[in-house]
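In: What follows is a predicted structure for the sequence shown.
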Amino acid sequence: MQIDEAKFTRKRVMTTIQLPKFSVADPAKPWVMLEAEDESGLTVALMGPDSLELRADAARMMKLWNDALDAR
């Protein structure tokens with residue numbers, strides 16, 4: 001599978017917590033995700049069911065991603 005980098009690698013991301021739009025064991029439990037800041041609906045990473053640990057992981061990943069873009 002070939003991924004077109006231009007479709008997502010130049011977008012800043014934000015952490016969101018929302019109900020997944022895909023099949024999971026507990027559809028009532030929100031998930032932590034990294035999505036494009038431009039609200040295009042592009043999801044860059046699915047972190048997992050909401051927890052403090054995953055929120056912290058997502059925040060670190062978001063910072064690394066956005067800092068890499070800012071460094072260009």
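Out: Okay, I see it. Everything numeric in this text was worked out from a predicted model, so none of it was measured.

In: Any stretches of the chain with poor pLDDT?
Out: 1-9 (pLDDT under 70).

In: All the strands of it, in order from the start?
Out: Along the chain, the segments classed as strands by DSSP state E run 13-18, 31-36, 43-49.

In: Tell me the buried residues in the first one?
Out: When neighbours are counted by 16 or more other Cβ atoms under 10 Å, the buried residues of strand 13-18 are found to be 13, 15. C-beta: built from backbone N, CA, C; applies to glycine.

In: ok, now the longest one?
Out: Buried positions in strand 43-49, judged by neighbour count with 16+ other Cβ under 10 Å: 43-45, 47-48.

In: From these, pick the one nearest Lys29.
Out: Using Cβ to Cβ, the shortest approach to Lys29 within those belongs to Gly48, at 9.9 Å.

In: Report how many residues lie close to Asp67.
Out: 9 (other Cβ atoms under 10 Å).

In: now it: how far from Val13?
Out: As for Asp67, its distance to Val13 is 11 Å (criterion: Cβ to Cβ, to the nearest Å).

In: likewise Trp31?
Out: From Trp31 over to Val13 the distance is 15 Å, taken as Cβ to Cβ.

In: Could you do Ala68 as well?
Out: 11 Å.

In: try Arg60
Out: To Val13, Arg60 is 12 Å away according to Cβ to Cβ.

In: do Ala56 as well
Out: Distance from Ala56 to Val13, by Cβ to Cβ: 16 Å.

In: what bridges to the spatially most central residue of the chain?
Out: By Cα atoms, centre = their mean, the chain has its centre lying nearest to Leu34, at 1.2 Å. Beta-bridge partners for Leu34, by DSSP bridges, are Thr15, Ala45.

In: Now for it: which residues touch it?
Out: Taking Cβ atoms under 8 Å, 6 or more residues apart in numbering, we find Leu34 in contact with 13-16, 43-45, 47, 58, 61-62, 65.
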